[in-house]
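> Curious how this folds, go ahead:
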Amino acid sequence: MNTKQLATQTGISILKMVIIPIICFFILRQVSRIMQGVVSSGSGPSLVFLAPGTIIHEGSHWLFMKIFSFGTIHFQEVQLFSPKTAPNGATTLGYVVPLYNKLNPLHQMGLFFGGFAPVVGISSVLGAIYYAVFPKTMQKIVHGFNNKSILANIKSTFRTILSPIDKDVAWWAIALLVLAVIIIGTGFTLSNSDFFSMLHGCFTPILLVMILSLLGILTPDIQNGFLVIFVSMMMILTIIMLVLGMILTFIF
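Okay, here's the model as predicted:
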């Protein structure tokens, strides 16, 4: 493999594993911020509606920053749920203030993964709840991803979600699932600081992708599989957020 082919392969790896995921997170961030704005513009009691999602959101930040910085990042303050109104009228529901060094590679890893941690945390919780209600359907979704096109995987996933193969599921279990999606889903919102944390910490992950790609560990099949699953999940979550935003508009 000559230098040009090597550079092209490395560039494609970075595009698949870093750049496209960041773009997807930005789109999801914009949609979810609109949804959360609908709720936070309501009365004081409506903010309690955001508590479960906010706690998982901020807790995910804290956990991922600790894990991916190998415990080297410390925190000035952690508020899992503490609604406050700034002088400009903006509402802050919770926050995590890390103490970090931008030049420290471990801190960069912590910032990058900590930035999108809420999406992983919320998805995991909702996925677990969905699995509890529709276990067979969830297994079919997980095992249904393959090397087909992204669009084909998305169609297959939506078809499976909308037509669960589990039978005799109690109506109240389905109702609780819908309620969980509505309440916990508000935690998908990524703030400006979340998004810029990913950007500030992206150098080390990019370097890691380059090294693994050059060593042949991060093969094209692995990259394509990751991209298909990741983009499919992000698009599904974005659509869920749009539907959820319309529902919350009527509620609040």
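> ok, and what's touching whichever strand or helix holds Phe75?
Assigned by DSSP states H and E, Phe75 belongs to strand 74-79. With contacts defined as Cβ atoms under 8 Å, 6 or more residues apart in numbering, strand 74-79 is touched by 58, 62, 65, 94-99. From N, CA and C alone the C-beta is placed, and that goes for glycine too.
> what do you get if the cut-off is 6 Å, keeping everything else the same?
Strand 74-79 is contacted by residues 62, 94-99 when judged by Cβ atoms under 6 Å, 6 or more residues apart in numbering.
> That one pairs with which strands, parallel or anti?
strand 95-99 (antiparallel) (DSSP bridges).
> ok, then the element right after the partner strand?
Assigned by DSSP H and E, the successor of strand 95-99 is helix 105-115.
> Which strands or helices does that next one pack on?
Judged by 3 or more Cβ pairs under 6 Å, 6 or more residues apart in numbering; DSSP states H and E, helix 105-115 is in contact with helix 51-68, helix 192-200, helix 203-214.
> Hey, what's the angle from that helix to helix 203-214? Just curious.
Inter-element angle recorded for helix 105-115 and helix 203-214: 100 degrees (by axes from the mean of the first three to the mean of the last three Cα atoms, to 10 degrees).
> contacts for helix 105-115?
Against helix 105-115 from outside (Cβ under 6 Å, 6+ apart): 61, 64-65, 68-70, 72-73, 100-101, 194, 197-198, 200-205.
> Tyr95 and Ile55: what is the separation?
With distances taken as Cβ to Cβ, to the nearest Å, Tyr95 is found 12 Å from Ile55.
> Can you tell me the element Ile23 falls in?
Using DSSP H and E, Ile23 sits in helix 20-40.
> what pLDDT, on average, does that helix get?
The average of the pLDDT scores along helix 20-40 is 67.
> sorry, back to before: a markdown table please, covering the contacts of strand 74-79 and showing distance to Val18 and neighbour count.
Output for the contacts of strand 74-79, formatted as a markdown table (distance: Cβ to Cβ, whole Å; neighbours: other Cβ atoms under 10 Å):
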| residue | distance to Val18 | neighbour count |
| --- | --- | --- |
| Trp62 | 23 | 17 |
| Gly94 | 27 | 21 |
| Tyr95 | 26 | 16 |
| Val96 | 23 | 23 |
| Val97 | 25 | 10 |
| Pro98 | 21 | 21 |
| Leu99 | 25 | 10 |
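> Going by distance to Val120, which of these wins?
Of all these, Val120 sits closest to Trp62, with 13.0 Å by Cβ to Cβ.
> For the closest one, which non-adjacent residue is closest in space?
In space, and not counting its chain neighbours, Trp62 is closest to Val96: 5.3 Å by Cβ to Cβ, 6 or more residues apart in numbering.
> Which residues does the one you found form beta bridges with?
Val78.
> chain center to stretch 206-218: distance?
In terms of Cα atoms, centre = their mean, to the nearest Å, the centre of stretch 206-218 is set 23 Å apart from its chain centre.
> Skip ahead from the helix or strand where Thr157 lies and say which helix or strand is next.
Using DSSP H and E, Thr157 sits within helix 150-162. As assigned by DSSP H and E, the chain's next helix or strand after helix 150-162 is helix 171-184.
> Compute the inter-axis angle for that following helix and helix 51-68.
Going by the same axes, to 10 degrees, helix 171-184 makes 70 degrees with helix 51-68.
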